[in-house]
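K.L.:
I'll drop the sequence and a predicted model, then ask my questions.
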Amino acid sequence: MSLLDVKAIRKDFPILSRKVHGQELVYLDNAATSQTPQAVIDSIVHYYSHYNANIHRGVHSLSQEATDAYEQTRIKIQKHFNAAHAHEIILTAGTTHAINIVASGYQELLQAGDVLLVSALEHHSNIVPWQMLCEKTGAELQVIPMLQNGTLDMAAYHAMISPKVKLVFCNHVSNALGTVNPIEEIIGAAHAVGAAVLIDGAQAAPHLQANVQALGVDFYTVSAHKLCGPTGVGVLYGKQALLEQLPPYQGGGEMIATVSFEKTTYAGLPHKFEAGTPNICGGIAFGAALDYMHGIGFDQIAAYEQELLDYATQALLAIEGLKIYGTAARKTAVISFNIEGLHPYDIGSILDQMGIAVRTGHHCAQPIMDYYQIPGTVRASFSFYNTFEEVDRLVAGVKKAKSMLC
Ligand SMILES: *Cc1c(COP(=O)(O)O)cnc(C)c1O
């Protein structure tokens with residue numbers, strides 16, 4: 001008995017009925033990007049057909065309609081994450097952009113000798129901006145180590161926490177392994193020494209709803225394209241006091257209060273961080289995506305995906321020589337695996353011939369692959385629109401790939 005009417009849900013996604021290499025598509029690369037429901041596609045078509053205009057400037061009706069719709073998204077995001085204020089929601093181009101806004105801002109707030117802690121489980125986008133920041137400031141980046149099961153070594157983390165630590169970075173969920181990190185504990189320990197915490201929520205957001213006030217998190221980042229929304233839109237949530245402290249990231253239109261050649265004053269939040277014409281249509285479509293997902297229900301999504309994860313994990317583990325990386329007790333529906341003696345790329349290519357889309361490689365998390373001393377993995381990542389039959393096709397495909405390659 002399924003918790004969701006997945007058959008009906010699948011009809012909302014036109015792409016899911018297409019064929020690849022003559023076979024029905026089995027899309028299992030949801031951790032890279034999610035597919036787009038008709039309601040979101042419609043919102044994009046509607047925007048360009050009816051009220052395409054620049055926002056926050058014009059007195060004319062189209063501009064006001066576009067501004068209202070765009071600002072509605074900000075409020076939807078605020079409610080979704082339970083932020084205290086709508087102006088704590090900065091609309092960005094995505095998680096990478098959001099993290100860079102914070103990293104660039106801290107350049108003026110750090111000094112040599114300060115320590116930043118980054119988890120070993122991070123996506124490159126939550127590593128490289130901090131390395132660049134450390135090069136510029138003389139601050140030191142230290143790594144919270146990981147354990148064999150793909151969880152963080154929390155004892156090591158607590159031992160690393162000291163008053164020298166100014167910032168801590170960790171993802172809520174690892175995109176490479178699916179591990180759900182104990183962010184409450186991470187935030188609590190960081191706050192005890194006065195450090196701020198940035199949680200990369202890109203991989204968590206499609207599966208679980210974070211409550212930023214309950215968490216007390218300082219910064220939280222999201223990409224719309226992993227939540228049934230379009231690419232090129234995302235969120236930087238920040239506590240008002242911290243966002244006010246940070247200098248703007250880019251200069252230009254929209255982010256100013258007054259401009260003269262003698263002196264320019266900056267706009268208040270959120271516009272201080274939103275220079276230039278934003279992705280207006282994308283922002284509006286992100287709002288439609290959130291509405292769509294709430295229509296299904298995040299609790300229902302999480303429960304159903306957990307069933308898919310358990311089913312797929314058991315079926316894959318029954319294949320001889322198959323090893324799963326990331327076996328934490330708390331995981332979202334991501335399975336990273338290899339088969340002894342086979343290259344992940346070869347398995348992925350054979351699966352593609354069967355219409356099955358998985359990811360192969362390092363998943364933008366090379367340090368994790370280095371830890372396991374592997375070049376990469378095959379990653380199957382599931383969404384609420386995937387079915388048990390699709391898991392069966394994956395398992396059959398992996399068995400076939402194994403027989404062809406061995
Ligand atoms: C996808 C992802 C990112 C990067 O998101 P972009 O949309 O490419 O900016 C960062 N961190 C995690 C955990 C991700 O899953």
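P.N.:
Alright, I've got the coordinates. It should be emphasised that the depicted structure is a prediction, and the values quoted were computed from it without experimental measurement.

K.L.:
Only C-alpha atoms from now on, for both contacts and neighbour counts.
P.N.:
Noted.

K.L.:
And this protein, what are its domain boundaries?
P.N.:
6-30+298-405, 41-294 (automatic domain parsing).

K.L.:
State the mean pLDDT of the first one.
P.N.:
Averaging pLDDT along domain 6-30+298-405 yields 97.

K.L.:
That one spans what distance, first to last residue?
P.N.:
34 Å (Cα to Cα, to the nearest Å).

K.L.:
separation between residue 69 and residue 289?
P.N.:
With Cα to Cα as the criterion, residue 69 and residue 289 are 13 Å apart.

K.L.:
Looking at these two, which one has more neighbours?
P.N.:
residue 289 (26 against 20; other Cα atoms under 10 Å).

K.L.:
Sticking with the more buried one, tell me its helix or strand.
P.N.:
Counting by DSSP states H and E, the element that carries residue 289 is helix 280-296.

K.L.:
Tabulate the domains of the chain (CSV), appending distance to the ligand.
P.N.:
Putting the domains of the chain into CSV (distance: least, Cα to the nearest ligand atom, whole Å) gives the following:
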stretch, distance to the ligand
domain 6-30+298-405, 8
domain 41-294, 4
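
K.L.:
where along the stretch 51-200 of the chain do the strands fall?
P.N.:
Secondary structure of the stretch 51-200 of the chain, counting by DSSP state E, counting those that start in this stretch: strands at 89-92, 115-119, 140-144, 165-171, 196-200.

K.L.:
ok, and what's touching the second one?
P.N.:
Contacting residues not belonging to strand 115-119 are listed as 127, 139-146, 152, 164-171 [Cα atoms under 8 Å, 6 or more residues apart in numbering].

K.L.:
before we move on, what about the first one?
P.N.:
With Cα under 8 Å, 6+ apart as the test, strand 89-92 has contacts from 74, 77-78, 83, 98, 232-238, 270-271, 273-274, 283.

K.L.:
What about these, which are in helices?
P.N.:
74, 77, 78, 98, 283 (DSSP state H).

K.L.:
where does the stretch 51-200 of the chain have low pLDDT?
P.N.:
The stretch 51-200 of the chain contains no residues with pLDDT under 70.

K.L.:
tell me the helices in it, going along the chain?
P.N.:
Assigned by DSSP state H, counting those that start in this stretch, the stretch 51-200 of the chain shows helices spanning 61-81, 95-105, 128-137, 154-160, 183-192.

K.L.:
Nearest the geometric middle of the protein, what residue?
P.N.:
The centre of the chain sits closest to residue 202, judged by Cα atoms, centre = their mean, with a distance of 1.2 Å.

K.L.:
Does that one touch residue 233 like I think?
P.N.:
No: look at residue 202 against residue 233 with Cα atoms under 8 Å: they stay out of range, at 11.6 Å.

K.L.:
For those two, list the residues in contact with both.
P.N.:
Common neighbours of residue 202 and residue 233 (Cα under 8 Å, 6+ apart) are residue 223.

K.L.:
got the CA coordinates for stretch 12-22 in PDB?
P.N.:
Extracted in PDB, the C-alpha atoms of stretch 12-22 (Å, rounded to 0.1, in the frame of the first residue of the first chain):
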ATOM      1  CA  ASP A  12       1.800  16.100 -13.600                       C
ATOM      2  CA  PHE A  13       5.300  15.600 -15.000                       C
ATOM      3  CA  PRO A  14       5.200  15.500 -18.800                       C
ATOM      4  CA  ILE A  15       8.900  14.500 -19.100                       C
ATOM      5  CA  LEU A  16       8.300  11.300 -17.200                       C
ATOM      6  CA  SER A  17       6.400   9.800 -20.100                       C
ATOM      7  CA  ARG A  18       9.200  10.300 -22.600                       C
ATOM      8  CA  LYS A  19      11.400   7.500 -23.900                       C
ATOM      9  CA  VAL A  20      15.200   7.200 -23.900                       C
ATOM     10  CA  HIS A  21      16.900   4.800 -26.300                       C
ATOM     11  CA  GLY A  22      13.400   3.400 -27.000                       C
END
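
K.L.:
Give the buried residues for it.
P.N.:
12, 13, 16 (16 or more other Cα atoms under 10 Å).

K.L.:
quick one: which of the residues you listed sit in strands?
P.N.:
Using DSSP state E, no member of the buried residues of stretch 12-22 falls in strands.

K.L.:
Tell me how many other residues crowd the nearest residue to residue 390 once chain neighbours are set aside.
P.N.:
Leaving aside its chain neighbours, residue 390 sits nearest to residue 26 (6.2 Å; criterion: Cα to Cα, 6 or more residues apart in numbering). Using other Cα under 10 Å, residue 26 has 25 neighbouring residues.

K.L.:
ditto for residue 209
P.N.:
Neighbours of residue 209 using other Cα under 10 Å come to 15.

K.L.:
same question, residue 318
P.N.:
For residue 318, using other Cα under 10 Å, the count is 10.

K.L.:
Residue 76 too?
P.N.:
17.

K.L.:
And for the one 5 residues further on?
P.N.:
Counted with other Cα under 10 Å, residues neighbouring residue 81 total 19.

K.L.:
for whichever helix or strand residue 314 is part of, which positions count as buried?
P.N.:
Per DSSP H and E: residue 314 is located in helix 298-317. Neighbour counts over helix 298-317 (16+ other Cα under 10 Å) mark 298, 301, 302, 303, 304, 305, 306, 308, 309, 312, 313, 316 as buried.
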